[in-house]
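Student: Provided below for reference: sequence and predicted model.
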Amino acid sequence: MATKETKFVDKKSIKELVDILDEMELTKLSYKKGDVSISVSKGITTTAVTSTNIQDDLLSTSEKKADYKNDPRVIKSPMVGTIYLQPEPGANKFVNEGDSISTGQTMLIIEAMKTMNPIESTLQGKISKIFVQDEEAVEFGQPLMLID
Amino acid sequence: MFKKVLIANRGEIAVRINRACQELGISTVAVHSEADRDSMHVRIANESVCIGPNQINKSYLNAHALIAACEITNAEAIHPGYGFLSENANFAKMVSDHGLTFIGPKHEHIKKMGDKIQAKKIMQQLGVPIIPGSEGKIENISDALKIGSKIGYPVLLKAAAGGGGRGMKVIKNEKEMSDNFSIVKQEALSFFGNDTVYIEKFIDSPRHIEVQVIGDSHGNYVHLYERDCSIQRRNQKVIEEAVAPGIDNEDKIKLFETVISAIKEMGYLGLGTLEFLYHEGKFYFMEMNTRLQVEHPITEMITRIDLVREQITVAAGEELSFDQAKVNPLGHSIECRINAEDPKTFKPSAGTISLYHPPAGNGIRLDTFIYSGYKVPHYYDNLLAKLIVTGRDREHAIRRALRSLDEIIIEGTVTNIELHKKILSSDDFKKGSVSIKWLEENIETL
C-alpha cells in the first residue's frame, strides 16, 4: 500500500520525521501533536513511541522499503488483502516473534474477496521479525516475516 | 458520483483515465505489477497497490487481486481501460457481484458482442448491414458449396474461434472450396481447439471505418461520428483519423441512424465502437468493441467531448452531458501510434528512455506515460505514446503531424517514428481512402 493510512498510525508523519532525520543527519527526533507523540531515532535499535502502540510499524515502515525487499530470509505476501494474525478474533496468534516455524506451518491469514487464505511459511527457522500488524492491508510482494 | 475508482490497467491509458477521474474529483487507485513500480500511472495516482509479479496473467489479468485491491482501498468502481480484462464478461459480472461498479457496458452485452458469430446475428436482426455469409457454422462440404454459389466467389472460409488474421482462407471458386474445406477445418482445430468454420463474402481491399457510440441509463444514445483506421499492419492499427475522408455524407448519416437504433434496442450502456468494412459505398459490420478504444482521442478532439469523463459519469448512473445536436465535428484529427519497435523489422525494443522531449504547440496532444529515465519493461505491449494532432482540415492535420514527428525526441529505445513520417508523406495517404492492405503492400517502397 502506498498511501493507505491505518486507523492508529499516521504513517505519513512518521515517514516525514524519518526523512527529516536523514536529511538533517540527526540521530534522534521527537514530535508531539495533541496526545500523540512520536520519537524516531537511528543508529540504535530502540525506538520509543508513547501514547500509541506503533513501535513495530515505525520500524517496519522504514525497514520494509530499505533492507528487506530482496532479502532471501523474508517471506513476502503472495497476494493483495487484509492480514489476520490469529485464526479468529480473541484467539492466540498463529505465531509470535521469537517462535520457531517450519515449512508449511500457517503463519497468518490474508483475507481477499471475502475469502480467508491461510498463508504457510515457505522457510524454516526462528521468526525474528513480523512486519505486519493485524488487519493491515498488504499488497503483493510486501514483506511479512523475517525468518533467521 | 464515485469517490474512488480503481484503474485496472497500465501505460498511457491508465494515465488517461487517471486524468479524467481527477478532473471529476474522484480519488484514484493505480494497480501495478512488480515491473511497473516506477511507471507513470503509479506515480500520478492518489494510491497504488502492487497486485502481482511481472507476468500479466498473475497481475493485470488477476481478477481476484483486483477485487481484493478494491476491498483494501475502498474503491467503489473499476475502470478496465482497453485490453486486459476490459472485454471479459465474467470479470464484469464478478465486479458487480461484489457490489462494485464495472465502468463499461452490462456484462450480458460484453458477452454477446464477444462471440463474433452471435454479434453479427444480433446486429443483422437489429438492421445493421453485415457481410453476406453462412449465418452460422458450416457442417460439411456440400453446405459450403451451396453457400459459396449463393453469395458468389470469392469467399472467405473462417474459423469461428479464430482472430488476429489467423484461421482464414480466401476461396476463389468451387474447386478451391472442395480442395480446402477440410484443411481449414483441421487447421481451426489444431490452432484454436475448435473446428467450427463459417463462410462470408470476401471483400477485397476494403477500408476500416468505425462508429463511436455512447449510451446512458436514461434512454439517451448518441453517436460521435466515425474514424478511419485503415492504416494497419498485421491487423494492428498504426494511424487513425477522424472523420474518414471521401465517404458520402448521406451514406454516413444512414449508417449512424441504423447504429443508433440498434444500440437503443439493445439498451447499451457506456462507450462502444462498431467496426465496419467499407467498400464501394457499402458498410459491412465486423464486430463491436464494448470498451474504450485506443484511438478515442481523435474523436474527442473533433467533437470537443471528453469520452472517458462521460464513460465514468454514465457508469455512475448519470445522464449524458450532451445530446446528438451538440455533437458537431470540427476540423480533422490524426493519431499516430508511436511504438517501441524497429520501423523496418518491427522487433519490439525495450530499454531505458535516456531523453524524452514532447512536441507542443497548437493542435498537439500527446497521450503517453514515458519520461526521461523510464525503463520500458519488456513484459507488456510496445505502445509508448499516441501523437494526436488536430488541424482545420485534413491537409493541415497531416502537415501538423509531420512537424510534430520532427519535434519529438525519444532516445534510448528504437521507435517507429520514421515509419509514420513515410506514411504521412506518401502521395497515396495524402489522397486519402487507402485500404487496410495498403500499408503491408507498400511498406518496402515507402
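Tutor: Cool, got the structure.
Student: what pLDDT does the closest residue to residue A:96 other than its chain neighbours get?
Tutor: Distances taken as C-beta to C-beta, 6 or more residues apart in numbering or on different chains put residue A:127 closest to residue A:96, at 7.2 Å, once the chain neighbours are dropped. Heads up, the C-betas are built off the backbone N, CA and C, glycines and all. pLDDT, residue A:127: 97.
Student: give me the beta-bridge partners of residue A:127?
Tutor: Legend: beta-bridge partners of residue A:127 under DSSP bridges are residue A:147.
Student: Quick check: closest non-adjacent residue to residue B:302.
Tutor: residue B:329 (4.3 Å).
Student: how about the one you found, what does it touch?
Tutor: B:225, B:242, B:243, B:302, B:303 (C-beta atoms under 8 Å, 6 or more residues apart in numbering or on different chains).
Student: rewinding a little: check the gap between the residue nearest to residue A:96 and residue B:320 for me.
Tutor: 57 Å (C-beta to C-beta, to the nearest Å).
Student: Contacts only, for the residue nearest to residue A:96.
Tutor: Contacts of residue A:127 by C-beta under 8 Å, 6+ apart are A:95, A:96, A:97, A:98, A:99, A:100, A:101, A:107, A:145, A:146, A:147.
Student: can you check residue B:407 too?
Tutor: B:357, B:359, B:360.
Student: If we use 6 Å, what do you get?
Tutor: Residues near residue B:407 by C-beta atoms under 6 Å, 6 or more residues apart in numbering or on different chains: residue B:359.
Student: what does residue B:366 give?
Tutor: If you count contacts by C-beta under 6 Å, 6+ apart, then residue B:366 has B:358, B:385, B:387 around it.
Student: Go through the residues you listed and name the one nearest chain A.
Tutor: residue B:385 (25.2 Å; C-beta to the nearest C-beta).
Student: Distance check, the closest residue to the closest one other than its chain neighbours against residue B:246.
Tutor: Closest residue in space to residue B:385, ignoring its immediate chain neighbours: residue B:368 at 3.5 Å, by C-beta to C-beta, 6+ apart. Distance, residue B:368 to residue B:246, using C-beta to C-beta: 31 Å.
Student: of those two, who's got more company?
Tutor: Comparing residue B:368 with residue B:246 by other C-beta atoms under 10 Å in any protein chain shown, the one with more neighbours is residue B:368, at 21 against 10.
Student: Backbone dihedrals for the more buried one, please?
Tutor: Dihedral pair for residue B:368: phi -150, psi 170, per degrees, to the nearest 10.
Student: same check, this time on residue B:391
Tutor: Dihedral angles (degrees, to the nearest 10) for residue B:391: phi -130, psi 180.
Student: Got the confidence number for it?
Tutor: Per-residue confidence (pLDDT) for residue B:391: 98.
Student: okay, now it: neighbour count?
Tutor: Neighbours of residue B:391 under the rule other C-beta under 10 Å: 19.
Student: With residue B:203 instead?
Tutor: With other C-beta under 10 Å as criterion, residue B:203 counts 18.
Student: And the helices in chain A, which stretches?
Tutor: Remark: helices assigned in chain A by DSSP state H are A:11-23, A:55-66.
Student: lowest-confidence stretch among these?
Tutor: helix A:55-66 (a mean of 44).
Student: quick revisit: check the gap between the residue nearest to residue B:385 and residue B:178 for me.
Tutor: Taking C-beta to C-beta, one finds residue B:368 at 52 Å from residue B:178.
Student: Compute the number of surrounding residues for residue B:109.
Tutor: Neighbourhood size, residue B:109 [other C-beta under 10 Å]: 24.
Student: Quick check: residue B:32 touching residue B:40?
Tutor: No. Under the criterion of C-beta atoms under 6 Å, residue B:32 makes no contact with residue B:40, lying 10.5 Å away.
Student: more neighbours, the two?
Tutor: Taking other C-beta under 10 Å, residue B:32 and residue B:40 do not tie; residue B:32 has more neighbours (25 against 20).
Student: beta partners of the more buried one?
Tutor: residue B:50.
Student: Get me the contact residues on chain A for chain B.
Tutor: When proximity is defined as C-beta under 6 Å from any C-beta of the partner chain, chain A approaches chain B at A:2, A:3, A:80, A:81, A:82, A:112, A:113, A:137, A:139, A:140, A:141.
Student: tell me, how many neighbours does the residue nearest to residue B:192 when sequence neighbours are not counted end up with?
Tutor: Distances taken as C-beta to C-beta, 6+ apart place residue B:161 nearest to residue B:192, at 3.8 Å, with adjacent residues excluded. Residues lying near residue B:161 (other C-beta under 10 Å) number 18.
Student: same question, residue A:78
Tutor: Neighbour tally, residue A:78, other C-beta under 10 Å: 17.
Student: Out of the contacts of residue B:366, who's the most crowded?
Tutor: residue B:387 leads those on contacts (other C-beta under 10 Å) with 26 neighbours.
Student: how about it, phi and psi?
Tutor: phi -90, psi 120.
Student: can I assume it is in contact with residue B:337?
Tutor: No. Judged on C-beta under 6 Å, residue B:387 makes no contact with residue B:337 at a distance of 8.3 Å.
Student: can you pull the contacts of residue B:301?
Tutor: Contacts of residue B:301 by C-beta under 6 Å, 6+ apart are B:333, B:390.
Student: Roughly how far does residue B:337 sit from chain A?
Tutor: 30 Å (C-beta to the nearest C-beta, to the nearest Å).
Student: quick one: secondary structure of that residue?
Tutor: Per DSSP: H, G, I helix; E, B strand; the rest coil, the local secondary structure of residue B:337 is strand.
Student: residues touching it, list them.
Tutor: With the criterion set at C-beta under 6 Å, 6+ apart, residue B:337 makes contact with B:238, B:383, B:386.
Student: tell me the contacts of the second one?
Tutor: To tie it back to what came earlier, the one meant is residue B:383. Neighbours of residue B:383 in contact, by C-beta under 6 Å, 6+ apart: B:337, B:339.
Student: repeat that for 7 Å
Tutor: Contacts for residue B:383 (C-beta atoms under 7 Å, 6 or more residues apart in numbering or on different chains) come out as B:11, B:12, B:337, B:339.
Student: which one of those residues sits closest to residue B:98?
Tutor: residue B:11 (25.5 Å; C-beta to C-beta).
Student: how deep is that closest one tucked in, by neighbour count?
Tutor: Other residues close to residue B:11 by other C-beta under 10 Å number 24.
Student: Please name the spatially closest residue to residue B:20 (chain neighbours excluded).
Tutor: Using C-beta to C-beta, 6+ apart, the closest residue to residue B:20 is residue B:308 (3.9 Å).
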